[in-house]
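In: got a sequence here, can you model it:
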Amino acid sequence: MYDYNVVVIGAGSAGLVACKLANGLGKKVALLEKRKIGGDCTWFGCIPSKTLIKSANIAHQISRLTEFGLKSNGPVDLNTDAVMPHVRAVVQADADGHPPASYEAEGINVLFGAAQFLDNHRLKVADKIISAKKFIICTGSHASIPPIEGIDNVDYLTNETIFDLDVLPESMIVLGAGPIGIELSAALNLLGVKVTVLARSPQILKKEDPELSDRLLQTLRAEGLTILTETKAKKFSQRQGKVIADIEDSEGTRQIEAQSLLVAVGRRPNIDTLSLEKAGVEFDDKGIKVDKYLRTTTKNIYAAGDVAPPYLFTHIAEYEAVIATTNACLPLPVRKTNYENVLWCTYTDPELARAGLTEEQARAQYDDKIKIYRWEHKNVDRAKTDLEENGLTKIICTPKGKILGIHILGYAAAELMHEVQLAKSLNKPFSRIASVIHAYPSYSDAVRQPAKKCYIDILQNNFFVKLARGLTAKKNRAKIILILLVIAAFAVLLMTFGDSLTFENLRRKSTELKDYSNQHYAISVAIFVAIYIVSVAFSIPGATVLTLTSGLLYGTILAALYVNVGATIGATLAFVFVRYIAGGWVQKKYADKLIKFNKELSINGAKYLLTMRFIPAFPFWLINVFAGLTKIRLWTFFWTTSVGIIPGSLVYANAGKQVGSLESASDILTPPVYGAFLLLAVFCILPVVYKKFIKPRLNK
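Out: Okay, here's the model as predicted:
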């Protein structure tokens, strides 16, 4: 028997969710915490930082009084001495809302002390050894300190110590331009601290879309924040109460100084004292290795939150805690992680929110076949009234409106993004937001307006709308008129000759046709060739009967000649018509996909056309249409058609002399005749087959 069904290690965001859920599922639960209930978010992260940011925003708004038509009766001299005590008071009030006794009252046993695994079912906490069937590790992370010369000899701050300051320093160097570094730098700058940010990258907030990140950079600099990009800190030292930083950038090496130093270059997992190796749990510098069920390499131990990379956010920690706990409490894990809809926000002024892919990532994954919808917040009426016009909404979609990326820079961006995130999570097109009634005036216009643009794009890409636009476009009028004329001519010809071009009709009128041909030979030939041209050009059924007729009237050789002239000219007319009407459009629309195809046709197109002409199974008219949609040269089509129909013309013309003895036209294609056609086709395509398939194998 184990002491507990589930033991949760760490009482931060993930751990608190995990222990309550496990308890709610009827498990006997223990919650272990090394220091204080609430973890990083309550004491060193979300709560204190957002409290500080709010104070900074208030200070910033006070400095803008005249912009709103207000004037102070006296000088405004802000004193920030009480800011940090205020921050700590808010933090303490939040912590007081979930004391250890409240968890004990729910039946969760709370134990304080550093946890250390003895094996995969036992661990030591303080001086006590406890056992459990399942463990969930939620120990979080701490600030990473880079190995820079002299940094250990400097009284540097991290997110865990900065909120312990009694008063704000006059100046500060911030090492790192990630979310923590930029948020705190921006807030302290607005509170009067002279801040210099050192960023090794050319871009601050490297995970953000560069377009919005760069825009935020310009805004922060305009507010007085000094941000040195592509700058490397080489050495730190401390002299007369000042921190000295030796930095290197494109201009060389120099020194800067400030009253304090904040290190914010990343996070490291809190796993060093857990003795994970004794429990068989694998890990590395980034954290504990978990599978899609958040199960570690030891199957009865799970992990969630910052300790299980890659995402280090409170909301992701809570999401993972639900999955890990559910799986730990069931006989077998069933819930999987899905990070497709991860989102986050950097709480600068203005805020920068993101979910999904950046523009660069979307172009790489979707071959540039994306649509980007932008909306400047200066065009949002509510932003105008509030003087919060500095902002940009950027939504990245597929051509059909599927949301790939959400990027919003502006006032209340963290709130604005959730409407789009909801559509993304439910796999609804961005355009659907346009149909939702929104309050006016509101910041939601920054989302609704680009959604309307998406709706219009999708509407314009609708088949029937595109067809209607195509029909009314001036540049297409000539083609449309030509198509209508061809359709009309086809209908007239089909009604006029459709019933005449039959085998039965040929047998019935064979004597009459012979008599007319004998009396008016030249005229009959001209009429025959003209009818053949029209029949083939308009794809009217009856070419077989016409060829038999030619053999009946003119003999095998001359008949084959007349058929060749009529069929070649008719097929060429059909080819030219298809190319004019649709060939250019097909080649343009599918240009990328047709590159290899067109290259192959430019080399072996004649052989392929001859092969198809020799095989009776390929409809004559279909080959004309197919060729018209390709880039095959007109001359190549012309001569291959003329040569390709010679065998068939001879066979059918010769058969025409014995029309009276045939029961139907299908009697002509006997197995030997069909086999002969296939041999011709094989003979034609054999060089291509040899070159592409046989020769390479022989060379091996």
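
In: just give me the longest strand of this structure.
Out: strand 128-137 (DSSP state E).

In: could you list the domains of the protein?
Out: Per automatic domain parsing, the structural domains of the chain span 4-141+268-329, 151-266, 350-461, 498-698.

In: okay, buried residues for the longest strand of the chain please.
Out: Judged by neighbour count (16 or more other CB atoms under 10 Å), strand 128-137 contains these buried residues: 130, 132-137. C-beta: built from backbone N, CA, C; applies to glycine.

In: out of those residues, the closest to Asn300 would be?
Out: Lys134 (5.2 Å; CB to CB).

In: farthest from the middle of this protein: give me that residue.
Out: In the chain, the greatest distance from the average C-alpha position (CA atoms, centre = their mean) is reached by Gln519, at 74.7 Å.

In: before we move on, back to that, of the buried residues of strand 128-137, closest to Gln116?
Out: Ile130 (11.3 Å).

In: okay, and the beta partners of the closest one?
Out: Leu123 (DSSP bridges).

In: give me the distance between it and Val7.
Out: According to CB to CB, to the nearest Å, Ile130 stands 7 Å off from Val7.

In: name the residues contacting each of the two.
Out: Taking CB atoms under 8 Å, 6 or more residues apart in numbering as the contact rule, Ile130 and Val7 both touch 30, 123.

In: now for the longest helix seen in the chain, which elements pack on it?
Out: Counting residues, the longest helix found in the chain (DSSP state H) is helix 556-578. Contacts defined by 3 or more CB pairs under 8 Å, 6 or more residues apart in numbering; DSSP states H and E place helix 556-578 against helix 521-537, helix 543-554, helix 620-628, helix 634-644, helix 646-656.

In: buried deepest among these, which one?
Out: helix 543-554 (a mean of 24; mean count of other CB atoms under 10 Å).

In: state the mean pLDDT of that one.
Out: Across helix 543-554, pLDDT averages out at 74.

In: same deal with stretch 284-302?
Out: Mean predicted lDDT for stretch 284-302 stands at 96.

In: list of residues touching that stretch?
Out: By CB under 8 Å, 6+ apart, stretch 284-302 touches 120-121, 133-137, 141, 268-269, 271, 276, 279-283, 303-304, 306-310, 320, 323-325, 327-328, 333-337.

In: pull out the buried residues from that stretch.
Out: 287-288, 290, 293-296, 298, 301-302.

In: now, those residues that are in strands?
Out: 287-288, 301-302.

In: now those as TSV including distance to Gly45?
Out: Formatted as TSV, those follow (distance: CB to CB, whole Å):
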residue	distance to Gly45
Gly287	17
Ile288	20
Ile301	25
Tyr302	23
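
In: picking up where we left off before, tell me what angle the longest helix of the chain forms with helix 543-554.
Out: Counting by axes from the mean of the first three to the mean of the last three CA atoms, to 10 degrees, helix 556-578 points 150 degrees away from the direction of helix 543-554.

In: so after helix 556-578, what's the next helix or strand?
Out: Note on helix 556-578: by DSSP states H and E, the next helix or strand toward the C-terminus is helix 584-589.

In: what residues sit buried inside that following helix?
Out: Those would be Val586, for helix 584-589 by 16+ other CB under 10 Å.

In: contacts for that helix?
Out: 594, 598, 629, 631.

In: mind checking how far it is from the chain centre?
Out: Its chain's C-alpha centre and that of helix 584-589 lie 26 Å apart, by CA atoms, centre = their mean, to the nearest Å.

In: which helix or strand lies directly C-terminal to it?
Out: helix 595-614.

In: contacts for that following helix?
Out: Contacts of helix 595-614 (CB under 8 Å, 6+ apart): 587, 618, 623, 627, 630-633, 636-637, 639-641, 643-645, 647-648, 677-678, 680-681, 684-685, 687-688.

In: what's the distance between stretch 611-627 and the middle of its chain?
Out: 41 Å.

In: please disregard the earlier target; I meant stretch 176-187.
Out: The answer for stretch 176-187 is 28 Å, by CA atoms, centre = their mean.

In: go on, stretch 277-295?
Out: 30 Å.

In: with stretch 574-581 instead?
Out: That offset, for stretch 574-581, works out to 38 Å (CA atoms, centre = their mean).

In: what comes up buried for it?
Out: For stretch 574-581, using 16+ other CB under 10 Å, the buried residues are 574-579, 581.

In: let me know the closest of those to Leu168.
Out: Ile581 (74.0 Å).

In: I'd like to know how far the closest one sits from Val307.
Out: Distance from Ile581 to Val307, by CB to CB: 64 Å.

In: show me what contacts the nearest residue to Val420 once chain neighbours are set aside?
Out: Spatially, and ignoring its direct neighbours in sequence, Val420 is nearest to Ile406 (4.8 Å; CB to CB, 6 or more residues apart in numbering). By CB under 8 Å, 6+ apart, the residues touching Ile406 are 343, 353-356, 395-396, 417, 420-421, 424.

In: secondary structure element holding Ile406?
Out: Using DSSP H and E, Ile406 falls in strand 403-410.

In: angle of the helix or strand that comes right after that strand against strand 403-410?
Out: Going down the chain from strand 403-410, the next helix or strand is helix 413-425, by DSSP H and E. Here helix 413-425 runs at an angle of 170 degrees relative to strand 403-410 (the same axes, to 10 degrees).
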